[in-house]
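Asker: pasting a predicted model and its sequence here:
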Amino acid sequence: MSARIFTLLLALPLAGACTHLPTPYQPRGPGGGYEESRLGERVYRISCTANAYTAEPALIDCAFLRAAELTRAAGFSHFVVVRQSGTTDVEAMEGERFRLREPWDDGRMHMGVMFPTMPEYVYFVRHHLVVMTIRMLTAAEAPGEKDGLEAAYILRSLGEKLKPGSGGEARP
């Protein structure tokens, strides 16, 4: 086996590993993201979807950040979460695990051989989903709501964490 082919075979798993990134904070696209629907004058439903490499708490942060952005854009200062739910889509497939058999120990380089073990179910997380319904509040209404959240505070704290180029964590 030539050195070029050997190097290519070693590099392929590393190149594939780079594609397994969490879903970034972004408008919904093929890889996930946020979207919203206006349900009333002050009421929005926000949904955030993400791939299996995204932590569930980061997905909840995505929904809160989008809620704060919508609240400020609509001219309100606070919002309250009316309803929140989430799911994780998991697929079970029957498959076989493989184990690596050690190459012969004769002093030369050999490739290991993979042998199947017993069949078993393998679970794959396909995506996560968070859905949040919010009602926007004015600054005068906010003290009357015990669960009211200040949009400016959320924009500062979660915006630094989720938005690229803000100096914080680039991906949820």
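Answerer: Everything's here; your move.

Asker: following the chain onward from the helix or strand bottoming out on mean pLDDT in the chain, which element is next?
Answerer: When the helices and strands of the chain are scored by mean pLDDT, DSSP states H and E, helix 3-17 comes last with a mean of 44. Moving toward the C-terminus from helix 3-17, the next helix or strand (DSSP states H and E) is strand 33-38.

Asker: any idea of the mean pLDDT for that next one?
Answerer: Strand 33-38 carries an average pLDDT of 96.

Asker: in this protein, where is pLDDT below threshold?
Answerer: 1-19, 88-127, 164-172 (pLDDT under 70).

Asker: that one: strands as residue ranges?
Answerer: With DSSP state E as the criterion, the chain has strands at 33-38, 43-50, 78-101, 113-137, 149-150.

Asker: quick one: contacts of the shortest one?
Answerer: Right, strand 149-150. Strand 149-150 has contacts (CB atoms under 8 Å, 6 or more residues apart in numbering) with 64, 67, 68, 77, 78, 79, 80, 81, 142. To be clear about C-beta, it is placed using only N, CA and C from the backbone, and glycine gets the same treatment.

Asker: can you list the buried residues in the helix ranked longest in the chain?
Answerer: When the chain is scanned for its longest helix (criterion: DSSP state H), the result is helix 56-73. Neighbour counts over helix 56-73 (16 or more other CB atoms under 10 Å) mark 58-72 as buried.

Asker: and that helix with strand 33-38, angle?
Answerer: Put simply, helix 56-73 runs at 40 degrees to strand 33-38, going by axes from the mean of the first three to the mean of the last three CA atoms, to 10 degrees.

Asker: from the contact counts, what lies against helix 56-73?
Answerer: Where contact means 3 or more CB pairs under 8 Å, 6 or more residues apart in numbering; DSSP states H and E, helix 56-73 is packed against strand 33-38, strand 43-50, strand 78-101, strand 113-137, strand 149-150, helix 151-162.
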